[in-house]
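> coords below, sequence missing:
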C-alpha cells in the first residue's frame, strides 16, 4: 500500500468517527395569552385563550390541565382546542365578576405533538373592569405601596385577595388569603422594617416561593 492510499484510508476512518450533530428541540411554550398577562380593566365577557408553539396532543388539553382561577378557586369553564391555530380556549359557565383578579394556568402536563410537554406550569393574570367604569385600584410595585391589608398583585394593582401563591411572599394562597409559611411572620401590620418578613415590606409581587 503506497503512502497516498494509506493517508486516504486514515482520513476516511477518522471522518467516520465524528459524532453526529445534536438536534435541539425547543420545549413547548405559550406564545400568546388572551387577555395579555397583567392586563387591567378587562371586560367580564372577554375571550380567554392561550396559543401554543406546537399542535397539542388532543387528550392533554382539558379542564384539568387548562384552567382559570380566582380567589375562591377554579372557575368552572369549558375547554375547546383549535388545531389550526394551536389555540386553547376557556369559556366560563358564568360571566366573570367585576373588579376581580383572575389567573389562567396552562399546566405542565399539556403536550405538543413535536415539542413534548411544557417545562413548568405557565400562568397569566388579569383584572376585570369595576362595575362602574375603569377605576382600578392603587398602582403598586411593592406590597408596602398598598393601603391596609391589601397586597400588590402581579398586575401591578393593589388587591384584597390573592389568586395564586405567587401573589404571596413566603406563603400560600388559600381562599384568597396569604397563609405564611411555617416560621415566617406573616402579620398584617407593616413593622416599618424592610426585612421582607411582613406583607407590607418592600417585596416585589411574585417573589414568593
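All right, it came through fine. For clarity, every value in this text was computed on a predicted model and none was experimentally measured.

> Residue 131 versus the one residue sitting closest to the centre of the chain, what's the distance?
Nearest to the geometric centre of the chain sits residue 123, at 1.6 Å (C-alpha atoms, centre = their mean). Taking C-beta to C-beta, to the nearest Å as the measure, residue 123 falls 26 Å from residue 131. Placement of C-beta: from N, CA and C, glycine included.

> start to end distance for stretch 112-124?
Start-to-end span of stretch 112-124 (C-alpha to C-alpha, to the nearest Å) is 20 Å.

> State the mean pLDDT of it.
Over the span of stretch 112-124, the pLDDT mean works out to 96.

> Walk me through the domains of this structure.
The chain is divided into the following domains under automatic domain parsing: 30-128, 137-203.

> These: lowest mean pLDDT?
Least confident of the domains of the chain, judged by mean pLDDT, is domain 137-203 with a mean of 68.

> Give me the distance between the two termini of stretch 53-68.
End-to-end for stretch 53-68, by C-alpha to C-alpha: 20 Å.

> ok, and for stretch 157-174, which residues are buried?
By neighbour count with 16 or more other C-beta atoms under 10 Å, stretch 157-174 contains the buried residues 157-171, 173.

> Among these, which are located in strands?
158, 159, 171, 173 (DSSP state E).

> Now do the same contact list for the first one.
By C-beta atoms under 8 Å, 6 or more residues apart in numbering, the residues touching residue 158 are 137, 138, 139, 140, 145, 146, 147, 150, 151, 152.

> Give me the neighbour count for the fourth one.
Looking back up the chat, that one is residue 140. Neighbourhood size, residue 140 [other C-beta atoms under 10 Å]: 21.

> same question, the last one
Using other C-beta under 10 Å, residue 152 has 27 other residues around it.

> Please identify which pair of the contacts of residue 158 lies farthest apart.
Considering C-beta to C-beta, no two members of the contacts of residue 158 lie farther apart than 139 and 151, which are separated by 13.5 Å.
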